[in-house]
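In: Mind looking at a prediction? Sequence and model below.
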Amino acid sequence: MSTELTVLVLAALLQVVQYALFAIPANIELGTARTLSPRDEPIDPARELGRTTARLGRALNNHFEALALFTIAVVAVELSGKSSLATQLSAHAYLIARILYVPAYASGAVPWRSVFFGVGFLATLVMLLAALF
């Protein structure tokens, strides 16, 4: 398996970890009556979840968005045969940035959350451009 595909799988596993980091405290804070219900009434995360749990939920949602673009970048690099040291390093930079993003977001670390997001985004952009050119 290529470096880029390996990092993609690791990024997907990070998403699983993030899901657990959010879901466990959210289930505790909301209670099983709420989490097992059909949730017909909308949830107000600011009111019903603790600050850190709500932040972990937003970080998880952000990873869903970032992982979609990163997946496209990995597939484009793989199918174009343009894997290089630059794309491999970019893949690693993406993963490291996404790992660091979680505690930065959960703790409210300003400006680090944005810095780590930017690093991951730029790493993805490098991969997309490498696949094109």
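Out: Noted; the coordinates are in hand.
In: Would you mark the buried spots in the longest helix along the chain?
Out: Using DSSP state H to define each element, the chain has its longest helix at helix 51-80. Residues 52-57, 59-60, 62-63, 66-67, 69-70, 73-74, 76-78 are the ones in helix 51-80 that count as buried (16 or more other Cβ atoms under 10 Å). Any C-beta I mention is one placed from the backbone N, CA and C, and that applies to glycine too.
In: now the angle between helix 51-80 and the helix or strand following that helix, please.
Out: Scanning forward in sequence from helix 51-80 by DSSP states H and E, the next helix or strand is helix 85-107. In terms of direction (axes from the mean of the first three to the mean of the last three Cα atoms, to 10 degrees), helix 85-107 departs from helix 51-80 by 170 degrees.
In: what's the angle between the helix or strand just after helix 85-107 and helix 85-107?
Out: Next helix or strand after helix 85-107 toward the C-terminus (DSSP H and E): helix 112-132. Interaxial angle of helix 112-132 relative to helix 85-107 (the same axes, to 10 degrees): 160 degrees.
In: packing partners for helix 112-132?
Out: helix 51-80, helix 85-107 (3 or more Cβ pairs under 8 Å, 6 or more residues apart in numbering; DSSP states H and E).
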